[in-house]
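Enquirer: Sequence first, predicted model second:
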Amino acid sequence: MRELLWLSPFIRRYRKRLLLGALCVVGANLSWAVTPRIVGRTVDGIIGGSLPTLHLVLNLGGILGLTLLGALLTFSMRQTIIVVSRILEYELRNAFMRALERHSLPFFHAHPVGELMAYATNDIAAVREFLGPAIMHGLNTVMALGFSLLFMLTLDLPMTLLALLPLPVAGVLTYHIGRRVHTLFSTVQEYFGELTRHAQESYGAIRVVRAYGAEAAEGTRFRELSWAYAQHNLRLGRLQALSSPAMLVVVGIVQLIVLGYGGLRLMERTLTVGQLTQFFLYTNELIWPFAALGWITNIIQRASASTARLRRLMEQPPEIPDTGRLRIRVEDIAGMIEFRNVWFRYGDNHPWVLRGVSFTLRPGTILGLTGPIGSGKSTVVALLTRLYDVTEGAILLDGRDIREYPLETLRAAIAVVPQDPFIFSLSIADNIRFGAPHASEEEILRASRWAELHPDVELFPQGYATPVGERGVTLSGGQRQRLAIARTVLSGSPILVFDDALSAVDSSTESKIHERLCALVPNRTVLLIAHRISTLRIAERIVVLDNGVVAEEGTHHELLQRQGLYARLYAYQALQAELEQL
């Protein structure tokens, strides 16, 4: 239960509406509680023959009026509390999303997408059930029990005390079942996260699964996880199924006590038929509260387990703290980048990826970055955008450490085109305008032409309105890269980073993009990372990385004349191109 206190800030914002809902609960239950008293007096009046016709009509009208009033207040109760729970669910989902957005790559490496989806679906849904149905029916149960017992006590004290004897049994059952439900539901959620993680990975890698003929193995693994999830769910279901019947047995015992003791009192003429009728009506009103008690306990325990899981995740501090307090507009960033003796490794027990890397990228110029596979090129991009922080040294932007910039400002200033860009399941136009949501059709068209994507788009049946499928499955590798380039150019960021972004385009298209990139440079700063040497010829200076250190630096011609690593890479790639032509 303590875990649920974490939801207090969400609930406090709507306390007035919840208070109104609580007043409706009180009014509805008071209406239901007064009705048996009128019924009992009416029965005694009819049996005794002392009830005038007018009073009978008035009593019947009062019973009908109280019933309608209770129904109206019950409707109002649901319209306030349940609606508020949906609003709170919406706010909790937004808070969950904001918590995820604060984290960097290490967090998502530790928490797969499938696991996070389990939090966003099952756990938040379990919390909403507490914020709505559990609170509403919990208040309803308390009020129903309270009013019923109050009227029973004022009616006949000895019979009421006898009727209360089974209640401690209900309390013990509720406590023990609730504890077990809490434990089992936590386990069920963990298995559900594992199941969704496996499903997400299998569906996302369906091409690989089919290429290796691994459908049977993946299907077997999915069945095993599904069976384990089902078994734990069945255990939870069996336990939850005990709650309501156990409470109904308790209510049945109460009714037996009322029938036995009340019958004796009736024969002794110390109790009237109307009073006994009232007792039965009040015990009938206890059936739903007692049955709901176990159900509400289950919801509360499930919500408690889910809240604990959500709290652990959402309160986890970000790996890259957004501590920048520098107030500067993106348009005012010149784009001067300096790596100053940068050392980096992914963990204390991991090898160094970058070792004392230093270089400078002047505003309005193109700097090339190359090196063998695993030399640290992509790590440079990750550090520049603060997906990771440097272990030692510093990265400066316009003379200031990038940690002084707010993350939003820093990342808005740097647009990255990765080698394998992520394409959303949207239209071509919506994918291009992703970095500039309010871009006009003319601006989209201009960016597409700049990236040499427009001729291909004209061949699609719906043009720029053509959906590209999940992850751009209907596009070729070169088309995805050019779409990402168009997206980046349209973003208007002062710093452009091309991380081997032209590896899937032909030489003619690459040449045209190079020409336009050179024309764009006076207003932009460009970091051009490539494994293919021909891509780097337009760079004013080239930095060559090897095993995490700067092996060489200079212009294309200077590096060729030195006959070092760059020259060897160039010669190897030239020979490879000749062999491919043959």
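Expert: Structure's in. What do you need?
Enquirer: What is the subsequent helix or strand relative to the worst-scoring helix or strand of the chain on mean pLDDT?
Expert: Between all helices and strands in the chain, the lowest mean by mean pLDDT, DSSP states H and E belongs to helix 206-211, at a mean of 69. Per DSSP states H and E, the first helix or strand lying C-terminal to helix 206-211 is helix 215-267.
Enquirer: Could you give the average pLDDT over that following helix?
Expert: Averaging pLDDT along helix 215-267 gives 79.
Enquirer: Same question for stretch 64-78.
Expert: Here the average pLDDT along stretch 64-78 is 88.
Enquirer: What are the contacting residues of the strand or helix carrying Arg487?
Expert: Using DSSP H and E, Arg487 falls within helix 477-491. Helix 477-491 is contacted by residues 415-421, 423, 428, 431-436, 439, 443-444, 447-448, 450-453, 456, 472, 475, 496, 498, 501-506, 509, 513, 520 when judged by Cβ atoms under 8 Å, 6 or more residues apart in numbering. (Each C-beta comes from the backbone N, C-alpha and C, glycine too.)
Enquirer: Make a ChimeraX selection of the buried ones in those.
Expert: A single ChimeraX command selects the buried members of the contacts of helix 477-491 (16 or more other Cβ atoms under 10 Å):
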select :415,416,417,418,419,421,423,428,431,432,433,434,435,436,439,443,444,447,448,450,451,452,453,456,472,475,496,498,501,502,503,504,505,509,513
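Enquirer: Filter the contacts of helix 477-491 down to the ones in helices?
Expert: Applying DSSP state H to these, the entries found in helices are Ile428, Asn431, Ile432, Glu443, Ile444, Ala447, Ser448, Trp450, Asp456, Thr509, Ile513, Leu520.
Enquirer: what does the model give the first one for pLDDT?
Expert: Just to be clear, that refers to Ile428. 87.
Enquirer: quick one, what contacts it?
Expert: Val457, Phe460, Gly463, Tyr464, Ala465, Thr466, Val468, Leu483.
Enquirer: Find the nearest non-adjacent residue to it, please.
Expert: The shortest distance from Ile428 to any non-neighbouring residue, by Cβ to Cβ, 6 or more residues apart in numbering, is to Tyr464 (4.9 Å).
Enquirer: So the one you found lies in a helix, does it not?
Expert: Yes - assessed by DSSP: H, G, I helix; E, B strand; the rest coil, Tyr464 belongs to a helix.
Enquirer: count of residues packed around it?
Expert: 20 (other Cβ atoms under 10 Å).
Enquirer: OK, contacts around it?
Expert: Ser427, Ile428, Ala429, Ile432, Glu441, Ile444, Leu445, Ser448, Val457.
Enquirer: if I look at the fifth one, how far off is His198?
Expert: In other words, Glu441. Separation of Glu441 from His198 (Cβ to Cβ, to the nearest Å): 42 Å.
Enquirer: more crowded one of the two?
Expert: Per other Cβ under 10 Å, whichever of Glu441 and His198 has more neighbours is His198, with 18 against 10.
Enquirer: so that one makes contact with Arg221?
Expert: Yes - the pair His198 / Arg221 is scored as a contact, 6.5 Å apart, by Cβ atoms under 8 Å.
Enquirer: can you pull out the helices in the stretch 301-450 of the chain?
Expert: Residue ranges of the helices in the stretch 301-450 of the chain, as given by DSSP state H, counting those that start in this stretch, are 377-384, 407-413, 428-432, 441-450.
Enquirer: Tell me which of those helices lies nearest to Ser186.
Expert: helix 407-413 (33.3 Å; Cβ to Cβ).
Enquirer: Could you give me the buried positions within that closest one?
Expert: Leu407, Thr409, Leu410, Arg411, Ala412, Ala413.
Enquirer: Stretch 115-124 too?
Expert: By neighbour count on 16+ other Cβ under 10 Å, the buried set for stretch 115-124 is Glu115, Leu116, Met117, Ala118, Tyr119, Ala120, Asn122, Asp123, Ile124.
Enquirer: residues in contact with the first one?
Expert: What it means is Glu115. Glu115 is in contact with Gly193, Glu194, Thr196, Arg197, counting by Cβ under 8 Å, 6+ apart.
Enquirer: Save those residues as a markdown table, and put in distance to Val84 too.
Expert: Formatted as a markdown table, the contacts of Glu115 follow (distance: Cβ to Cβ, whole Å):
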| residue | distance to Val84 |
| --- | --- |
| Gly193 | 28 |
| Glu194 | 33 |
| Thr196 | 29 |
| Arg197 | 33 |
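Enquirer: Inside strands: which ones of those?
Expert: Using DSSP state E, the subset of the contacts of Glu115 located in strands is empty.
Enquirer: want to try JSON lines for the residues you listed, with distance to Gly252 and neighbour count as columns?
Expert: Below are the contacts of Glu115 laid out as JSON lines (distance: Cβ to Cβ, whole Å; neighbours: other Cβ atoms under 10 Å):
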{"residue": "Gly193", "distance to Gly252": "40", "neighbour count": "22"}
{"residue": "Glu194", "distance to Gly252": "42", "neighbour count": "17"}
{"residue": "Thr196", "distance to Gly252": "42", "neighbour count": "23"}
{"residue": "Arg197", "distance to Gly252": "46", "neighbour count": "19"}
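Enquirer: what's the closest of those to Leu271?
Expert: Taking the contacts of Glu115 together and measuring to Leu271 by Cβ to Cβ, the closest member is Gly193, at 58.4 Å.
Enquirer: where's the closest one relative to Val468, distance?
Expert: 30 Å.
Enquirer: Need the nearest residue in space to the most centrally placed residue in the chain, chain neighbours excluded.
Expert: By Cα atoms, centre = their mean, the mean C-alpha position of the chain lies nearest to Ala120, the distance being 3.8 Å. Residue nearest to Ala120 in three dimensions, not counting chain neighbours: Phe96, with 6.3 Å by Cβ to Cβ, 6+ apart.
Enquirer: contacting residues around that neighbour?
Expert: Phe96 neighbours (Cβ under 8 Å, 6+ apart): Tyr119, Ala120, Ile124, Leu310, Leu313, Met314.
Enquirer: Ok, Gly371 next?
Expert: Lys377, Val544, Leu545, Asp546, Ala551, Leu565.
Enquirer: out of the residues you listed, who's nearest Ala228?
Expert: Lys377 (42.2 Å).
Enquirer: So that closest one sits against Thr370, correct?
Expert: Yes - here Lys377 reaches Thr370: they are 7.1 Å apart, a contact under Cβ under 8 Å.
Enquirer: quick one: which of the two has more around it?
Expert: Taking neighbours as other Cβ under 10 Å, Lys377 and Thr370 compare with Thr370 leading, 27 against 19.
Enquirer: Please, where are all the helices along the stretch 51-200 of the chain?
Expert: Counting by DSSP H, counting those that start in this stretch, the helices of the stretch 51-200 of the chain are 53-101, 105-110, 113-118, 124-129, 135-155, 157-163, 167-204.
Enquirer: for those, which one sits closest to Ile11?
Expert: Using Cβ to Cβ, the nearest of the helices of the stretch 51-200 of the chain to Ile11 is helix 53-101, at 7.1 Å.
Enquirer: can you give me the angle the closest one makes with helix 135-155?
Expert: 150 degrees (axes from the mean of the first three to the mean of the last three Cα atoms, to 10 degrees).
Enquirer: re the thing from before, was I right about the residue nearest to the centre of the chain contacting Leu92?
Expert: No - Ala120 sits out of contact with Leu92 when judged by Cβ under 8 Å, with a separation of 10.0 Å.
Enquirer: got the contact list for the spatially closest residue to Val549 that is not a sequence neighbour?
Expert: Residue nearest to Val549 in three dimensions, not counting chain neighbours: Arg355, with 5.1 Å by Cβ to Cβ, 6+ apart. Contact partners of Arg355, counting by Cβ under 8 Å, 6+ apart, are Trp343, Asn547, Gly548, Val549.
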